[in-house]
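Chemist: can you look at this prediction? I've put the sequence above it.
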Amino acid sequence: MTLPFLEQPFAEIKGNWSSESIRSASLVFILLTFTLYKTIHFTQWARRRQQFLDFARTNNCANPPRITGSFISGISHKWKRLHQPGDMFNDYMNNIFHDSGPTHAIVEPFTGDTKTIYTIEPENVKTMLSTKFSNYYRPKTMPNALNPVMGQGVFTSNGAAWSHSRSLVRAQFSTKRIRNVAKLDVHVRNIYEALGEELEDGWTEEQEILPIFNRFTLDAATEFMFGTSAESHEAAMREKALLKARKEEQSSHWSQRFWTPLGYIGQSGFSSVGQAHDFWARNSLIMSDFGTAFDIALDYVALRLKLGRLWFLADGFSFRLACHKVKTFADSYIQDAAAHADAAKATARKQGMSKKNATDVNGLEPLDDRRYGLISELIDSYPDKVALRNQVMQLLVAGRDTTAATLTWSLILLEAHPHIFSRLRKALLEGFGSESKPIAPVTFENLRSCIYLQWVVSEVVRLYPTGPLNARKASNDTILPIGGGPDGKAPVAVKAGTTVAYNTYLMHRREDLWGSDSWEFRPERWEGKKAGWEYIPFHGGPQTCLGQQHALTEMAYVLTRMLQRYDRISSSTRETNLKNGIRTILVPKHSVCFQFRRSAD
Ligand code: HEM
């Protein structure tokens, strides 16, 4: 028997192979490879699943209530979180917890694998953040979002890199530094200036309060870190004066009254030219004002956090320009501090003593005079100046908006509860006197001993923790102690790679933990109360907030000084819903404007 193809000339065979047969063979090959890949993938998945089920069974775990979430429903969930009409926390998330229980899981539609576990159980939070801390890590969304502004640092790292960063930074948050509240005086005066002169009736004009507090915290924090304030208050005052002058100039100019088919002729030409002028004026402001640049950078960061895996979509010229400005600002201070440290070391060597005891050439000033703030302390530990800049920028991000937003919430709550405002003011006047008749200095110790003030601040951060929703990922198969089974009492197995999200905002408002008035602002609830893991405004465990005492002291100081000066506050914005849109921290939904009445006493 002869095989027909053997008799064919080679060229003919080649011709056959190079056309359809090659194509079909390639297709078969691709299909086989794909099937093989999928089979291996499936086998691994099935084996891993069985391993996890065995782990869950051995540890007597049970599933929490499960909500099926598909890709589409995931997008719709994200969309609702950003755009739903009510409050994201009060309405949308609260309803989910109400319907599905204090611990529930979002699962994949076909495989039934858990994607995310949501919990508001203090026991679970304690396990993740403290007792089984090493079984969890920070998700990578944070470093991705923050990278263009500040790279790696204590706030975004995990494992050894985090513990190294934390140990270096922690040393700088000494009580000695925090006690120095007198340094805040100049910044509080800036708040008064921003609120403006009182009118004849004693009331200041209406002002949006959050930007004023944002500038206060930025200026105070930059002074703490760099030894020199970013002077964002001064920049804002200059901008305000400029805008006022421009407005006056424009309204008095004859050309403003003439309209042409191309628009009206204004001071800077046609209106469109005027807009272009505004654009460039704003961008040149970015170049000159650290505060504006910092704001723009953080808005982008927040958007990147919101976008999750699509973080890279939030980018652009403004963002990069703002990042550049922010970094240049920090670098200039770091360079100065580094040069100073080098000079100090050289002089100390000449004088034959330690850097701490060496003096300048005139023998007057100590060289290690901390005039460069926290960076002068960190400079020796960070030979890499970019790493130092990253670290310091992370502290700025961690501390600025959080403290400013909490101060704003404090005023909103005090204004809405006049009896609490009066009780607080009375306590402060008894402790410190009024602004014109002080009886005791506003010191760290005095602030701490004003119990009602402490209760007010604790209650504000209970109701409005600025980090309302947080998450960790499991690094290996592990267990949450509670939330599984029909009664929610069984342990819950968590597979490696699963996200566990904890909703601090709603945990702080659980009626079974805080009483039937848990949604109310009642500082008196803190009388004799020692909160446990049901209260974590500053996080807890090894990664607890490093700036907690710093922030609490700063907030207590500002509230005290403001209530010594003003005896009434009034807000024109009644609707103070939550906003978790562009910024990830909890800020009021509508810009809240306040007026303050200067006290006569
Ligand atoms: C009301 C004000 C503040 C609140 C509510 C607050 C809250 C928090 C929370 C919830 C975390 C945990 C974040 C996480 O790991 O997922 C945290 C961490 C941190 N906070 Fe604060 N914070 C405030 C002010 C500050 C200030 C003023 C600073 C510094 C100047 C600061 C520095 C830090 C740092 C460095 C961490 C990271 C700690 C670590 O990972 O080891 N915070 N803060």
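Modeler: Thanks, I have it.

Chemist: tell me, how many residues neighbour the residue of the stretch 101-250 of the chain found nearest the ligand?
Modeler: The nearest approach of the stretch 101-250 of the chain to the ligand comes at residue 166, 4.4 Å away (Cβ to the nearest ligand atom). Glycine gets a C-beta too; all of them are placed from N, C-alpha and C. Neighbour count of residue 166, defined by other Cβ atoms under 10 Å: 17.

Chemist: for it, which non-adjacent residue is closest in space?
Modeler: Counting by Cβ to Cβ, 6 or more residues apart in numbering, residue 154 is the residue found nearest to residue 166 once chain neighbours are left out, at 5.2 Å.

Chemist: count the residues that sit near that neighbour.
Modeler: Residue 154: 22 surrounding residues under other Cβ under 10 Å.

Chemist: which SS class is it?
Modeler: Three-state assignment for residue 154 (DSSP: H, G, I helix; E, B strand; the rest coil): coil.

Chemist: tell me which residue in the stretch 351-500 of the chain sits closest to the ligand.
Modeler: residue 399 (2.8 Å).

Chemist: next SSE after the helix or strand containing that residue?
Modeler: Using DSSP states H and E, the element containing residue 399 is helix 385-416. Using DSSP H and E, the helix or strand that follows helix 385-416 in sequence is helix 418-432.

Chemist: tell me the helices and strands packed up against that next one.
Modeler: Contact here means 3 or more Cβ pairs under 8 Å, 6 or more residues apart in numbering; DSSP states H and E; on that basis helix 418-432 packs against helix 385-416, helix 444-449, helix 451-463, helix 548-565.

Chemist: ok, of these, where does mean pLDDT dip lowest?
Modeler: Ranked by mean pLDDT, the helices and strands packed on helix 418-432 end with helix 385-416 at the bottom, a mean of 89.

Chemist: report the buried residues of it.
Modeler: 385, 387-415 (16 or more other Cβ atoms under 10 Å).

Chemist: follow-up on the earlier one: wait, isn't the residue nearest to residue 166 in contact with residue 164?
Modeler: No: with contact defined as Cβ atoms under 8 Å, residue 154 does not count as touching residue 164 (9.0 Å).

Chemist: pull out the buried residues from the helix or strand where residue 235 lies.
Modeler: Applying DSSP H and E as the criterion places residue 235 in helix 232-252. Neighbour-count burial for helix 232-252 flags 232, 233, 234, 235, 236, 239 (criterion: 16+ other Cβ under 10 Å).

Chemist: make JSON lines from those residues and add pLDDT to it.
Modeler: Below are the buried residues of helix 232-252 laid out as JSON lines (pLDDT from 0 to 100):
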{"residue": "232", "pLDDT": "87"}
{"residue": "233", "pLDDT": "90"}
{"residue": "234", "pLDDT": "88"}
{"residue": "235", "pLDDT": "85"}
{"residue": "236", "pLDDT": "87"}
{"residue": "239", "pLDDT": "82"}
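
Chemist: looking at the protein, what residue ends up closest to the ligand?
Modeler: Across the chain, the shortest distance to the ligand (Cβ to the nearest ligand atom) belongs to residue 547, at 2.0 Å.

Chemist: I'd say that residue and residue 172 touch.
Modeler: No: using Cβ under 8 Å, residue 547 is not in contact with residue 172, being 10.3 Å away.

Chemist: so if I had to pick from the two, which one is more boxed in?
Modeler: Taking neighbours as other Cβ under 10 Å, residue 547 and residue 172 compare with residue 547 leading, 20 against 16.

Chemist: can you give me the strands in the stretch 201-350 of the chain?
Modeler: 207-208, 259-260, 263-266, 269-270 (DSSP state E, counting those that start in this stretch).

Chemist: quick one: strands adjacent to the first one?
Modeler: I take that to be strand 207-208. Sheet pairing here is set by DSSP bridges, and for strand 207-208 it gives strand 593-598 (antiparallel).

Chemist: so how far is stretch 527-547 from its chain's centroid?
Modeler: 17 Å (Cα atoms, centre = their mean, to the nearest Å).

Chemist: what does stretch 144-161 give?
Modeler: 13 Å.

Chemist: quick one: mean pLDDT over that stretch.
Modeler: 85.

Chemist: use 376 as the first number for this chain going forward.
Modeler: Happy to do that; since the first residue is 376 now, the last one works out to stretch 519-536.

Chemist: alpha carbons of that stretch, in PDB - could you do that?
Modeler: In PDB, the C-alpha atoms belonging to stretch 519-536 read as follows (Å, rounded to 0.1, in the frame of the first residue of the first chain):
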ATOM      1  CA  ASN A 519      -0.600  52.600  44.300                       C
ATOM      2  CA  ALA A 520      -2.700  55.700  45.000                       C
ATOM      3  CA  LEU A 521      -0.100  57.600  47.000                       C
ATOM      4  CA  ASN A 522       3.000  56.700  45.000                       C
ATOM      5  CA  PRO A 523       3.400  59.800  42.800                       C
ATOM      6  CA  VAL A 524       3.200  62.000  45.800                       C
ATOM      7  CA  MET A 525       5.100  60.200  48.400                       C
ATOM      8  CA  GLY A 526       6.300  56.600  47.600                       C
ATOM      9  CA  GLN A 527       6.800  54.200  50.500                       C
ATOM     10  CA  GLY A 528       6.500  55.000  54.100                       C
ATOM     11  CA  VAL A 529       5.000  54.100  57.500                       C
ATOM     12  CA  PHE A 530       1.500  54.600  56.200                       C
ATOM     13  CA  THR A 531       1.600  52.400  53.200                       C
ATOM     14  CA  SER A 532       4.200  49.700  53.900                       C
ATOM     15  CA  ASN A 533       3.900  46.200  55.300                       C
ATOM     16  CA  GLY A 534       6.200  43.700  57.100                       C
ATOM     17  CA  ALA A 535       9.800  44.600  57.900                       C
ATOM     18  CA  ALA A 536       9.700  47.900  55.900                       C
END
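
Chemist: tell me where the model's unsure across the stretch 376-525 of the chain.
Modeler: 376-392, 444-462 (pLDDT under 70).

Chemist: what's the neighbour count on the residue nearest to residue 815 when sequence neighbours are not counted?
Modeler: Nearest non-adjacent residue to residue 815, counting by Cβ to Cβ, 6+ apart: residue 807, 5.2 Å away. By other Cβ under 10 Å, the residues close to residue 807 number 23.
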